[in-house]
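*Asks:* no FASTA, just this:
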C-alpha cells in the first residue's frame, strides 16, 4: 500500500505553494507529526498577508472509533489540520507545537476529529493569544479532499477557527452552527490573531 504522506504533502504544495518552514514533533508512543508553514505572496509573511500552517502526519493512520474494541488499520476517516492567520501582528509561529499536539490527539486520545468539534490545547495557541481552543470547520474550501485507493477513506483538510474561552463556552451550549452564525453576522475576521470575542449576549 502506498505511503499516504507524500501524497498529502504533494496536495498541500499544489494548493498552497512551497512551504517556507517546517517543524517536526514526536510524542511518546505516536508517529512523527510535522507542521508546514506557507506564506502567501503578499510580502512573504512579513506584513499583513496570510500565513497558513498545515499538519502532516495525522493522516498516516485512520482515526478509530474510540468505542471500537479493535482499531481498523485501514478503514476510517483521515484528516490533516490547517490554520490560517494574518501575518505580522503576533508571534504565530509558536503555534507549531500546539498544532502538532492537536494532530496527535487521534493517536493519543482516540479522538475522531470532525467538523463541528472543539479542540482545546489548555494554553494560548501562541504567546499572548486570546485563544486556547479551536473549532473544526468543514473541509473542501481551501484544499480539496485527497482521494486514496480503496478501501482507504479520502484525506480531508480541516480548517481550524480559533475560539476565545467565552466563545468556546457559548459553543458548548448553543452549538457550532450558532457560533459560526454569530461570527458571520458580526463580520468577524477569524484570521486576526489578536481579535476579541464576538458579542454573545
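*Replies:* Yes, it's here. Not measured: the values here are computed from a predicted model.

*Asks:* how about residue 82, secondary structure?
*Replies:* Reducing the assignment to helix, strand or coil with DSSP: H, G, I helix; E, B strand; the rest coil, the entry for residue 82 is strand.

*Asks:* mind checking how far it is from residue 140?
*Replies:* Distance, residue 82 to residue 140, using Cβ to Cβ, to the nearest Å: 11 Å. (Each C-beta comes from the backbone N, C-alpha and C, glycine too.)

*Asks:* got it, and residue 51?
*Replies:* When Cβ to Cβ is the yardstick, residue 51 and residue 140 sit 21 Å from each other.

*Asks:* now do residue 54
*Replies:* Plainly put, residue 54 is 15 Å away from residue 140 if you go by Cβ to Cβ.

*Asks:* Between those two, which is the more surrounded one?
*Replies:* The residue with more neighbours, out of residue 54 and residue 140, is residue 54; 27 against 13, by other Cβ atoms under 10 Å.

*Asks:* So which residue is dead centre in the protein?
*Replies:* Using Cα atoms, centre = their mean, the residue of the chain that lies closest to the mean C-alpha position is residue 81, 2.8 Å off.

*Asks:* OK, contacts around that residue?
*Replies:* Shown here is residue 81, whose contacts under the criterion Cβ atoms under 8 Å, 6 or more residues apart in numbering are 54, 55, 58, 99, 102, 103, 113, 136, 157, 158, 160.

*Asks:* if we go to 6 Å?
*Replies:* 55, 103, 158, 160 (Cβ atoms under 6 Å, 6 or more residues apart in numbering).

*Asks:* What pLDDT does the model give it?
*Replies:* Turning to residue 81, the model gives it a pLDDT of 97.

*Asks:* Just grab the bridge partners of it for me.
*Replies:* Partner residues in beta bridges with residue 81, using DSSP bridges, are residue 158.

*Asks:* Kindly report the same for the one 5 residues further on.
*Replies:* On the basis of DSSP bridges, residue 86 takes part in beta bridges with residue 50.

*Asks:* What distance do you get for it to residue 190?
*Replies:* Looking at residue 86 against residue 190, where the rule is Cβ to Cβ, the gap reads 10 Å.

*Asks:* swap in residue 50?
*Replies:* Computed as Cβ to Cβ, the residue 50 to residue 190 distance reads 11 Å.

*Asks:* the more surrounded of the two?
*Replies:* Neighbour tally, residue 50 and residue 190, criterion other Cβ under 10 Å: the higher count belongs to residue 190, 19 against 15.

*Asks:* ok, now which ones touch residue 98?
*Replies:* Under the criterion of Cβ under 6 Å, 6+ apart, the contact list for residue 98 reads 121, 125.

*Asks:* same thing but 10 Å
*Replies:* By Cβ atoms under 10 Å, 6 or more residues apart in numbering, the contact list for residue 98 reads 25, 35, 53, 83, 119, 121-126, 129, 131-132, 134.

*Asks:* Please apply the same query to residue 116.
*Replies:* With the criterion set at Cβ under 10 Å, 6+ apart, residue 116 makes contact with 135, 136, 137, 138, 171, 175, 176, 177, 179, 180.
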